[in-house]
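Undergrad: Have a look; sequence and predicted model below, questions after that.
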Amino acid sequence: MKQAQRLKSVRYDIRGPVLRRAQELEAAGHRILKLNLGNPAPWGLNTPDPIMADVVQNLGVAQGYSDARGIYSARVAVAQYYQSRGVTEVQPDDVMLGNGVSELIVMTLQALLDTGDEVLVPSPDYPLWTAAVTLCSGRAVHYRCDESAGWLPDLEHIEAQITPNTRALVIINPNNPTGAVYSKDVLLGMLDLARRHGLLVLADEIYDKIIFDDAVHHTAAALAPDVPVISMGGLSKTYRAAGFRSGWLAMSGFTARDAEYVDGLQLLANMRLCPNVPAQHAVQTALGGYQSIERLIEPGGRLHEQRTRSWKAITSIPGVECVLPDGALYLFARLDPAVHKIRDDEQLIIDLLDQQHLLLSHGSGFNLDTPDHIRLVFLAPMEVLDDAIGRLGTFLSTYRQ
C-alpha cells in the first residue's frame, strides 16, 4: 500500500531512523541507555500518590464518554489555574481537555489552516509543531532563537518572516529543546507582533512550573488580554504522568469575530468523542493540590542537581558548549565545529548508539538548520548521567566524519 502524499513532507526525525536503530540493537540483546525522551517514570520520577488515588477513586464513574470538551471539574480547575496566573477572563467553557498536548496541537492547527497558510514556529522547536503544521496543509516558517542571547527569540527575524499568509505564532516557553525561559520584554514583543498582524498565538507552556534558580515564567495570555491566545499545558512533565495522556488548552482574548474558529475546534472535539476520561479525574487534584515539583526544582532538589551537575559534566568535554537551561528537562549542547567537524548529526547519533549504546537526539531533528547540536535529557539519576556523559566524551574524543 502507498503512503498518503500529505505525509511525504512530514518529518518527525527524533523518532525516525535513530529510534529504529536503537530497537534493532535491543532486539539483538544490547542494553541501550536512553536519554532521548522527556519521560519521567522510567527514572523513578513517579506520579504523586494523591493524583493516582483520585484516578482510582473515580474509575467507577469514568466508564462512559464525557463531555467532548472534558469533565466539568477538570475544566473548572484549569480555568482557575489560569485565573491565578493572571488570565482573569478564562472560564470553564473556554477550556478543552485533550489526550495530551500533542492531540491539542493538531486540533488547533486543523481548525485554523488552509493549504498554503503559514505558521511561525521557533527554531529549534519541539518538532511536533512543524510536523503538525505540515500535516494540516500549512507551511511552517521558522524564526531564529539566538543561542548567543540564551536562546531567546529574535524579534526582528520573527517580524521579517510575516507575510499575508501568516496565521499564527507559536511560542514554546519554557522551550524544548533549549530550556530557555523567555523574559517579559521578549514575550511582550512577540505578543505585540501578533497584535499588529492579527495572528493567533499558540502558547505551549507545558514546562511552566519546571523553572530553575531566579528564572521567572510569564504566562503569555496574561500579558496580552486583547490578543487571541491558546495556552496549553498538561500532566506529563510537572506531574510526572506522561502515560496518562491528559492535557488542556485555554482560550483567551477571543471575540465574536473568532466564533467560527472556536466552532471548528468544538467540531473536532466532538469528532474524537471525548478525551481519556479516567485521566481527566487527575486534573483537579494535580492543579489544586500540593505541588511536589517545587521540591524537585529548588536548589538541592533532584532535578536541580541533575541539571546543574550534568551541565558541568557535558561542558567539560573538549569542544562541547551548552547554555545552562533555565527550565524544562534538557541540555541542548553545541559541538564546536572547529573541534568536531560534523556534517550529518543524525549519523553522529547513530554512530554513538552503535559504539556506546547511548541514545540521544540530534539537533537538526528539532528543525535547527546546522548539524552541530545534540539534546540530552537529564531525568536520570546522577550516576546514570555521569555514565552517559562519560560515554559521550569517549566517543567524541576519536569520532570523525
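TA: Alright, I've got the coordinates. Residues are numbered from 1 along each chain as shown.
Undergrad: Could I get the full set of strands for the stretch 101-250 of the chain?
TA: Remark: strands assigned in the stretch 101-250 of the chain by DSSP state E, counting those that start in this stretch are 118-123, 139-146, 152-153, 166-172, 200-204, 229-234, 247-252.
Undergrad: Now distance to E103 too, for the ones you listed, in TSV please.
TA: To be clear about C-beta, it is placed using only N, CA and C from the backbone, and glycine gets the same treatment. Below are the strands of the stretch 101-250 of the chain laid out as TSV (distance: least, CB to CB, whole Å):
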stretch	distance to E103
strand 118-123	17
strand 139-146	19
strand 152-153	26
strand 166-172	16
strand 200-204	13
strand 229-234	10
strand 247-252	7
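Undergrad: in stretch 239-254, what counts as buried?
TA: When burial is assessed from 16 or more other CB atoms under 10 Å, stretch 239-254 yields the following buried residues: 239-242, 244-254.
Undergrad: Show me which pair in those is furthest apart.
TA: R240 and F254 (32.0 Å; CB to CB).
Undergrad: Would you tell me which of the strands of the stretch 101-250 of the chain gets closest to T398?
TA: Among the strands of the stretch 101-250 of the chain, strand 118-123 sits nearest to T398 (CB to CB), with 30.8 Å.
Undergrad: Show me what the closest one pairs with in its sheet, parallel or antiparallel.
TA: In the sheet, strand 118-123 lines up against strand 139-146 (parallel), strand 166-172 (parallel) (DSSP bridges).
Undergrad: where in the chain is pLDDT low?
TA: Scanning the chain for pLDDT under 70 picks out the ranges 13-14.
Undergrad: can you list the domains in it?
TA: Following automatic domain parsing, the chain resolves into domains at 5-46+295-398, 49-288.
Undergrad: Out of those domains, which is the most enclosed?
TA: domain 49-288 (a mean of 20; mean count of other CB atoms under 10 Å).
Undergrad: Return the member of the buried residues of stretch 239-254 nearest to Q266.
TA: Distances from Q266 to the buried residues of stretch 239-254, taken by CB to CB, are shortest for M251, at 10.9 Å.
Undergrad: Could you export the strands paired with strand 118-123 as CSV, including distance to I314?
TA: What follows is the strands paired with strand 118-123, written out as CSV (distance: least, CB to CB, whole Å):
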stretch, distance to I314
strand 139-146, 20
strand 166-172, 22
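Undergrad: And these: which comes nearest V55?
TA: With CB to CB as the criterion, V55 lies closest to strand 166-172 of the strands paired with strand 118-123, at 28.2 Å.
Undergrad: just the angle between the closest one and strand 229-234, please?
TA: 40 degrees (axes from the mean of the first three to the mean of the last three CA atoms, to 10 degrees).
Undergrad: and the direction of strand 166-172 versus that of strand 200-204, what angle?
TA: 20 degrees.
Undergrad: now strand 166-172, how far from the centre of its chain.
TA: Counting by CA atoms, centre = their mean, to the nearest Å, strand 166-172 is centred 14 Å from the centre of its parent chain.
Undergrad: Stretch 347-357 now?
TA: 25 Å.
Undergrad: Ok, stretch 254-265 next?
TA: With CA atoms, centre = their mean, you get 25 Å for stretch 254-265.
Undergrad: measure it end to end?
TA: 13 Å (CA to CA, to the nearest Å).
Undergrad: Other residues contacting it?
TA: The list of residues contacting stretch 254-265 from outside it, by CB atoms under 8 Å, 6 or more residues apart in numbering, reads 94, 96, 107-108, 110-112, 200, 228, 251.
Undergrad: got a list of what I342 touches?
TA: 335, 348, 371-372, 401.
Undergrad: Go through these and flag which are in strands.
TA: Secondary structure from DSSP state E places L335 of those in strands.
Undergrad: Filter the contacts of I342 down to just the ones in helices.
TA: L348 (DSSP state H).
Undergrad: And the contacts of I342, which is closest to E147?
TA: Using CB to CB, those come closest to E147 at D372, 10.2 Å.
Undergrad: show me the contacts for the closest one.
TA: Counting by CB under 8 Å, 6+ apart, D372 has contacts 334-337, 340, 342, 345, 363.
Undergrad: Could you save the residues you listed as JSON lines and add columns showing distance to Q306?
TA: Shown next, in JSON lines, are the contacts of D372 (distance: CB to CB, whole Å):
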{"residue": "R334", "distance to Q306": "20"}
{"residue": "L335", "distance to Q306": "22"}
{"residue": "D336", "distance to Q306": "24"}
{"residue": "P337", "distance to Q306": "28"}
{"residue": "H340", "distance to Q306": "25"}
{"residue": "I342", "distance to Q306": "26"}
{"residue": "D345", "distance to Q306": "24"}
{"residue": "G363", "distance to Q306": "21"}
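Undergrad: which one among those residues gets closest to G116?
TA: Nearest member of the contacts of D372 to G116, counting by CB to CB, is G363, at 28.3 Å.
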